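S.K.: one predicted model, sequence on top.
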Amino acid sequence: MFTSFFIVDDLKIWIEKRLAKNLNPDDGSRQVLELVSKHLDYYEHIAKRSISRDIDRAMYRELNEIKEMVESLDFEHSNDVGENVKQKVESFTRLLKTMEQRYGEGLYNSFCDVEEEEEDDGDAAATSKVIGVSEVYQKLKQNVFCNEVTSLVGMPGIGKTTLANKIFHDPAIVEYFDHRVWIRVGRKCGVKDIPRRILAEIDPDSLQTLPAEEAIHEYLKTSLKSKKYLIVLDDVWDKYMAHFLDPYHRFFRHDLEHPFLHRGSGSRILLTSRMRQEKHIGRFNVTMMPLLTEKESWNLFCEKVFCGRPCPHRLEKAGKKISKNCEGLPLTILAVARLLSQDQEKSTPEYWDEVAENEHHLLFKEAFEEISKVLLPSYTFLPRILQICFHFIGLFRQKYKIPRSKLINLWLADGFDELKMNPHLDSYANDYLMELVDNNLVLVYQEGISHCELIVKSCGLHSSLWHLSNKKARETKFALVLRTRDDALGDVIKGQRRLSFHNHVLFSIKDVYQSVEDNCASTIRSILCFGPYHQYQVPICFGLKLLTELDALLIRFYDFPLEVVQLVRLRYLTLTLNGVIPSSISQLSNLQFFIVDQHQSIKSHKGPSYLPGEIWGMKELKHLQATGSDLPDPCGASLESLSTLLNVSAHGCTEAVLNAIPNLRKLRILIELAPDDDGKTLSCLDHVVHCCNQLDILKCIIINPVGVRPIVPLTNFLPLSYLKKLTLSGLGYPWKEMSKISSLPCLEGLKLKNNAFQGPEWNVEEKEFKDLRFLVIEDSDLVRLKVGDGAFQWLRLLYIRHCYKLEKIQLNLKCIFFQRIELVDCKPSFVEKFKMDILKDDHFDPVFDVHSSWDDTKLRT
């Protein structure tokens, strides 16, 4: 989280309190404080818009110094401190304005100078009838009654305004509150404008006689103090609004800023927003608005297409598929339904079948274009940096679940021109992704935990946003997605910097190939082959000498394409082949990410396969994954920059190799055990433990685990004192060996797969795994899990999959606060008992997912 806004806010609170104690306008110290306060308004403006850590750090450092100087001011004895404060503040303001220009790409766009247009926000128009969100409605209603400030958050067009409006007119709400006020906030209205807007609703006549802000504050304090009222702030764009409205925040500020919502009065605020609200002190409730389920989508679709009448049987199958392709967004469903129902020619079964079988059908394109005006403000509001990241996510296939690691590696290798000034992009990339998630522009498909916080493991775009991303990327010449022959022909391809192929056959079409080389040779930097896997070799455009990224992992090559080594600017290269990597690969001296996969895992009887020795001369390598080939003996060389080494075999984990990679942070070992293995193969773990003392992530996978019974004891992992995530699969050790893992001081995540440990009972001793955040147990013969007091005390995510024998988990629920529990293909009797135990304890309310492949149903609580 960026903290500069809260530092500014804390200093403003402190100054306001000091000014309230001294009313002498001629006091020199007071004048200094008033000067600082004026500058703080500018600092707050920058802090609220910035996603730059450089600005964040600068503000943290400078403002702490300013606060120390201000605190030393003496109202009664003037001294030189006041002049020093003035100079310091003015100097920092100049510095901040310079940084604002330098890091302007990392600032949210301000709407202060933009005329607020009348817009259909998509939520209000979605539907006057709430369909399929009864559970969310009841939860939101309860939250409004129980919390002074409640935030309803979701992507544009999901129905936030519609749901809030239903709450506003709910009979129980109407009866409970003396006054109800609805304010559409929009992009220009700030927290200081709210009191005037409230007064305009409850007593518009008084507004004419109370022009001053202080008078409005005082009037609201007096007139609302003894009444219960509900204020709905619809379409909030200030992500700190809830922070300002939080009762604890108002308490600390002594109501100097906010004259409404007196503590304990029973009054409430409900705000709706596209973006997650930031908080610093106090607590407020956040209700996330989910997408509709397939059944709910179908009901809404039928409601709009058939006006409440049943769907004709001949259209039902295609109709369900069409509604499913709307992916649960009411705005999309309504647009598609309107297009289908407005033309009689579009009501035939043939036309519906045509639409249902093609997610790229013209009707969907028309619908996405129609609703893009609702989505566009979310994009326009983004800092330029986030717009670029949003474009890049759209280069993947529609509905594709993108691994976070792949996405961020591509960002890092791309080296966007707008980001080259930022030397710490690798540490910031995850911040950028989380900002897009917080703005509800990116869907999260899978979560994990890192540094005690939830992180994205896989993500993607809703199809409506995917369409917007492609459109804006194409218009700005950032990138072009090629799906058909026509996409590659014409003026639109000219000057594009990145091409994403979603149909690899296009490479084999002569005029497409020629168009790419003729129109993009001087501008193209990336070719990304993101279509379905293509098992036959095609002629990729290797003549584009300026390429920095070539992702061809989804195209099979029979042999290594030697033309690649002429692309000396490459920083990112992925290929799929079973051939040998030539020594000429070392010509790619700028290469940072090198990934080679195999078309098929064909066992070789020739023994281990190795990369060429010249690989040790590629000093820029950060990420290496060469499935089926290991690093050879370094012969005294080293790879200082290499931090990720994946899919190495046990034979490749020698002391010489591992010692030559001193900064290795992530390692994945694939181990194949022979039937007569004497235990030497697993000795590679001893080398890892003693040579890789900087390791953060370790994955050790037995690829042929059937019947494995280890001969040698498990390696003691305790020397890996920085290890945060550990995955073990197929090792087959008894559960008592877990003691060699349980005391790792930094371990946050543990995945145990495919009988990594065996036996009916796992007893976790007291205070073991005390810092573990997430645990995965998959394909295990475990029957009973007993957790001692103090163990798993920070466990937040629990995933148990395919543990068919599991009968009982015994733990102290008062000491563990789960956020999410997922049970897949476990005994129904165990599932019901465990779920009952979890949900009956009302001190926490985790997301509880249960899935069974036998009945293919999923229950979510």
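M.R.: Structure's in. What do you need?

S.K.: mind checking the SS state of residue 447?
M.R.: strand (DSSP: H, G, I helix; E, B strand; the rest coil).

S.K.: i'd like the first residue to be 12 from this point on
M.R.: All right, first residue 12 from here; so that's residue 458.

S.K.: identify the bridge partners of the residue nearest to it when sequence neighbours are not counted.
M.R.: In space, residue 458 comes closest to residue 465 once its chain neighbours are excluded; the distance is 5.2 Å by C-beta to C-beta, 6 or more residues apart in numbering. Any C-beta I mention is one placed from the backbone N, CA and C, and that applies to glycine too. On the basis of DSSP bridges, residue 465 is bridged to residue 460.

S.K.: ok, which stretches of the stretch 12-161 of the chain are helices?
M.R.: Along the stretch 12-161 of the chain, counting by DSSP state H, counting those that start in this stretch, helices occupy 15-32, 39-60, 64-82, 92-113, 145-157.

S.K.: got TSV for those helices, with distance to residue 849 too?
M.R.: TSV is the format used below for those (distance: least, C-beta to C-beta, whole Å):
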stretch	distance to residue 849
helix 15-32	34
helix 39-60	39
helix 64-82	38
helix 92-113	48
helix 145-157	18
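
S.K.: mind putting those helices in TSV, mean pLDDT, mean neighbour count and distance to residue 787 included?
M.R.: Putting those into TSV (pLDDT from 0 to 100; neighbours: other C-beta atoms under 10 Å; distance: least, C-beta to C-beta, whole Å) gives the following:
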stretch	mean pLDDT	mean neighbour count	distance to residue 787
helix 15-32	79	17	35
helix 39-60	82	18	38
helix 64-82	80	17	31
helix 92-113	82	15	43
helix 145-157	88	16	28
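
S.K.: so where do the strands sit in the stretch 462-611 of the chain?
M.R.: 464-471, 491-493, 509-512, 537-540, 560-568, 583-588, 604-608 (DSSP state E, counting those that start in this stretch).

S.K.: how distant is the fourth one from the center of its chain?
M.R.: Relative to the mean C-alpha coordinate of its chain, strand 537-540 is positioned 23 Å out (C-alpha atoms, centre = their mean, to the nearest Å).

S.K.: partner strands of that strand, parallel or antiparallel?
M.R.: By DSSP bridges, strand 537-540 pairs with strand 509-512 (parallel), strand 560-568 (parallel).

S.K.: most packed of those strands?
M.R.: Among the strands paired with strand 537-540, ranked by average contacts under mean count of other C-beta atoms under 10 Å, first place goes to strand 509-512 (a mean of 25).

S.K.: what residues sit buried inside stretch 572-582?
M.R.: In terms of neighbour count (16 or more other C-beta atoms under 10 Å), stretch 572-582 has its buried residues at 572, 575-576, 578, 581-582.

S.K.: bridging residues for residue 656?
M.R.: Residues in beta-bridge contact with residue 656 (DSSP bridges): residue 635, residue 678.

S.K.: could you check the pLDDT of it?
M.R.: Here the pLDDT value assigned to residue 656 is 97.

S.K.: can you pull the pLDDT of residue 286?
M.R.: 90.

S.K.: cool, residue 548 as well?
M.R.: 85.

S.K.: next, count neighbours for it.
M.R.: 16 (other C-beta atoms under 10 Å).

S.K.: check contacts around residue 280.
M.R.: 159-161, 241-244, 256, 272 (C-beta atoms under 8 Å, 6 or more residues apart in numbering).

S.K.: which non-adjacent residue is nearest residue 300?
M.R.: Nearest-residue entry for residue 300: residue 165, 3.0 Å, with adjacent residues in sequence omitted and distances by C-beta to C-beta, 6+ apart.

S.K.: I meant to write residue 71 there.
M.R.: residue 18 (5.8 Å).
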